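In: sequence isn't available, so here's the structure alone:
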């Protein structure tokens, strides 16, 4: 399992106890994002939190790129993975940032048939989330619903 978390204040490298050869960045306050990548289950679980800036986006893109690179190195082929993105703690973002976030789904979508987003009941956040999802993505109320949908494919 790979765990990557992000904050702009502090970052360091560490090994995850589940997979000692797979390392990732871990930030002490991890208030903006986390990525857990479980090669065995072929699942990337991403949590996005807080109000992002362009610097936060750059840090996330770098971390996400490392996870994607590791998945490919471990033999994951296009269409084999599952991606769950939780935006339960992500407030409404600036339009320019939302446009940048919309590039993330295709980046991870390269390895997944489906991408599931778990969103809060707020209609404004759901509207913004719908801008993020592509043809292979769907919006859910709970993580369990999202996982059921991902693994049903």
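Out: Here it is on my side, so go on. Only a predicted model underlies this, so the values are computations on that prediction, with no experimental measurement involved. Residues are numbered from 1 along each chain as shown.
In: which stretches of the protein form strands?
Out: For the chain, applying DSSP state E gives strands covering 2-6, 12-16, 19-26, 33-38, 43-49, 81-89, 112-118, 137-140.
In: in this protein, where's the longest helix?
Out: In the chain, assigned by DSSP state H, the helix with the most residues is helix 54-73.
In: ok, residue 149 touching residue 113?
Out: No: in this structure, residue 149 is not within contact of residue 113 by CB atoms under 8 Å, at 11.0 Å. C-beta: built from backbone N, CA, C; applies to glycine.
In: weakest of the strands of the chain by average pLDDT?
Out: Taking each of these in turn, the lowest mean pLDDT turns up on strand 12-16, with a mean of 26.
In: state the phi and psi torsions of residue 134.
Out: Main-chain torsions, residue 134, degrees, to the nearest 10: phi -100, psi -160.
In: count the residues that sit near it.
Out: Residue 134: 10 surrounding residues under other CB atoms under 10 Å.
In: likewise for residue 30?
Out: Here the count is done by other CB under 10 Å, and residue 30 has 18 residues near it.
In: against residue 61, how distant is it?
Out: Relative to residue 61, residue 30 is positioned 16 Å away (criterion: CB to CB, to the nearest Å).
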